[in-house]
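Trainee: Show me the folded form of this:
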Amino acid sequence: MDAIDTQGIRLPKLGLGTFRMQGTVCREAVESALALGYRHIDTAEMYANEDAIGAALAAAQVPRAELHVTTKVWPENLAPDAIRRAFDTSLKKLRLDVVDLYLIHWPAKGMNLPAALETLIKLKDEGRTRAIGVANFTVALLRQAIEEIQAPIACNQVEYHVMLDQSKLMGYMASRSIPLVAYCPLAQGRAAADATLAAIGSKHGASAAQVALKWLLDQDGVAAIPKAGRKESQQANWDAMKVQLDDEDRATIAALPKDKRFVNPGFAPDWDR
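Mentor: Prediction:
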């Protein structure tokens, strides 16, 4: 599978998102994905499923070196001591000695970003996480993290799909060689019902959702982590990598309205900054 080299790690471009999957459902979904060939698993402290993912990873006959596991610290735990406690708990639940990528899940109002990132950097220096990064950071917050704090940011995970323009953010990230990891890459299922995407898909023997996913995966420096609990959905997302979009397809997709954001938990940052 194609992967992105960033801050010393190789990040597979297609991963499995696990938000709102827990218990046996989550464990079986991860086992299924690994059997299909997925090697990038995304989780978070807040998802309350790290134990299920840990069980799936332990049962899988996949060498640890082939796996990429991302987890995240919740905004309530951004004080240095709280980060360490959260990290230790995540690692124990995942049954791992090291994670591949540890992210700040959301920026918090009033957070001490230098102290938080310095704690993540120490975890990296201690060999407990191979890389560190952020999620849901604006350009202004990225500038602070990279230019002022000089943190080795390996990615910024944000909402990104055919219905949302992220060109301003991506312009800055590209200038700093920071990959974007797209969550909600299928616009929470809305891409599957889009007539324009379906028409493109009919040209290629693909679904509208596969077209939307391949549009992301074709972009330099972009990875995507669609959530898929069912084996059939995981296979469909995997098969999206075979779709060959042409310039006409990309122009048609570029012309779609791109003003729909579906994730805003209330404490989200000012996205225009």
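Trainee: Going along the chain, name the helices of the stretch 101-250 of the chain.
Mentor: Under the criterion DSSP state H, counting those that start in this stretch, the stretch 101-250 of the chain contains helices at 113-125, 139-143, 167-175, 195-204, 208-217, 231-239, 247-254.
Trainee: Name the residues of the longest one that are buried.
Mentor: The reference is to helix 113-125. The neighbour-count check on helix 113-125 (16 or more other CB atoms under 10 Å) flags 113, 116-117, 119-121, 123-124 as buried. Where C-beta positions appear, they are placed from N, C-alpha and C, glycine not excepted.
Trainee: quick one: average confidence on stretch 149-157?
Mentor: The average pLDDT within stretch 149-157 is 98.
Trainee: how long is that stretch from one end to the other?
Mentor: Terminal residues of stretch 149-157 are spaced 19 Å apart (CA to CA, to the nearest Å).
Trainee: ok, and what's touching that stretch?
Mentor: The contact list for stretch 149-157, computed with CB atoms under 8 Å, 6 or more residues apart in numbering, reads 6-9, 11, 42, 70, 101, 103, 113-114, 117-118, 120-121, 124, 131-137, 142, 145-146, 169, 173, 176, 178-183, 223, 225.
Trainee: buried subset of the residues you listed?
Mentor: In terms of neighbour count (16+ other CB under 10 Å), the buried residues within those are 6-7, 9, 11, 42, 70, 101, 103, 113, 117, 120-121, 124, 131-137, 142, 145-146, 169, 173, 178-183, 223, 225.
Trainee: which strand residues sit across from the residue nearest the centre of the chain in the sheet?
Mentor: Geometric centre of the chain, nearest residue: Val181, 4.2 Å, by CA atoms, centre = their mean. Applying DSSP bridges to Val181 yields these beta-bridge partners: Gln157, Ala223.
Trainee: my guess is it meets Gly221, correct?
Mentor: No - if you go by CB atoms under 8 Å, Val181 and Gly221 don't touch, sitting 9.9 Å apart.
Trainee: mind listing what's buried in stretch 236-252?
Mentor: Applying a neighbour-count criterion of 16+ other CB under 10 Å, one finds 236-238, 240, 243, 245, 249, 252 buried in stretch 236-252.
Trainee: so which two of these are the farthest from each other?
Mentor: Across the buried residues of stretch 236-252, no pair lies farther apart than Trp238 and Thr252, at 24.1 Å, counting by CB to CB.
Trainee: shaky segments in this protein?
Mentor: Low-confidence segments of the chain (pLDDT under 70): 265-273.
Trainee: Residue most distant from the centroid, it?
Mentor: Outermost residue of the chain (CA atoms, centre = their mean): Lys203, 29.0 Å.
Trainee: Now do the same contact list for that residue.
Mentor: Neighbours of Lys203 in contact, by CB under 8 Å, 6+ apart: Asp249.
Trainee: Next, find the distance separating it from Gln234.
Mentor: 24 Å (CB to CB, to the nearest Å).
Trainee: Same question for Asp218.
Mentor: Taking CB to CB, one finds Asp218 at 20 Å from Gln234.
Trainee: So which of those two has more stuff around it?
Mentor: Counted by other CB atoms under 10 Å, Asp218 and Gln234 do not tie: Gln234 has more neighbours, with 23 against 16.
Trainee: OK, contacts around Ile225?
Mentor: Taking CB under 8 Å, 6+ apart as the definition, contacts of Ile225 comprise 14-17, 40, 42, 157, 181-183, 185.
Trainee: Alright, that wraps it up for me.
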